[in-house]
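S.K.: show me the folded form of this:
(one chain, ligands or ions: 1)
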Amino acid sequence: MIYPIVKYGNPVLETPAETVTDFGTPELEKFIEDMFESMYAARGVGLAAPQIGFSRRIAVIDTSNGQNPDEKLVLINPEIVRAEGRQICEEGCLSIPGFREQVPRALRVTVRAQNVKGEHFEKTGEELLARAFLHETDHLNGRLYISHIGMLRRDLIRRKIRKLQKAGEWK
Ligand code: NI
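M.R.: The predicted model follows:
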């Protein structure tokens, strides 16, 4: 099932998501399948559960855009355990469509998370993958990428979105 993507302005995006405690259930497997389907339909490389309206600490990532099944990643209850170096790159978010900003991030990041069975693992990524780990973990903490940019740019984006909301073009 493809869920619509929740947009900026919805409080679920700025609320820390709830820890997952039930693993290995058909419900969880189906939910993760739906998350991948929703992410691919929206042409994203990462998606966090709050972005489809569920306050659960689950994120999916595929930096190959569906081209390489080996790159499909499921992060449940993820935590950043190491972050080194620095990169500045353009970043966007499915929940803030139409905007992209230069965002400084760590270059090399290690995440610790659980898989669908509840097993713990660590994974290290660089560049785009490192950025995805940080972006998606932020989502699960109720934080959006625009909190990492300058105040003036952020206010400008907020003003533009408010205008779109008033015009009924942001739902
Ligand atoms: Ni996002």
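
S.K.: do a quick rundown of the helices in the chain.
M.R.: For the chain, applying DSSP state H gives helices covering 26-41, 128-140, 151-166.

S.K.: buried ones in the second one, by neighbour count?
M.R.: It stands for helix 128-140. 129-140 (16 or more other CB atoms under 10 Å). (Each C-beta comes from the backbone N, C-alpha and C, glycine too.)

S.K.: residue 78: which of the residues you listed is nearest?
M.R.: Nearest to residue 78 among the buried residues of helix 128-140: residue 137, at 5.1 Å, using CB to CB.

S.K.: count residues in the vicinity of the residue nearest to residue 160 when sequence neighbours are not counted, would you?
M.R.: Excluding the flanking residues, the one nearest residue 160 by CB to CB, 6 or more residues apart in numbering is residue 99, at 7.7 Å. Close neighbours of residue 99, defined as other CB atoms under 10 Å, add up to 16.

S.K.: now do residue 99 against residue 29, distance only.
M.R.: 33 Å (CB to CB, to the nearest Å).

S.K.: poorly predicted segments of the protein, please.
M.R.: Nowhere does the chain drop to pLDDT under 70.

S.K.: the longest strand in the chain is where?
M.R.: strand 73-84 (DSSP state E).

S.K.: summarise which helices and strands that one is packed against.
M.R.: strand 58-61, strand 108-114, strand 120-126, helix 128-140 (3 or more CB pairs under 8 Å, 6 or more residues apart in numbering; DSSP states H and E).
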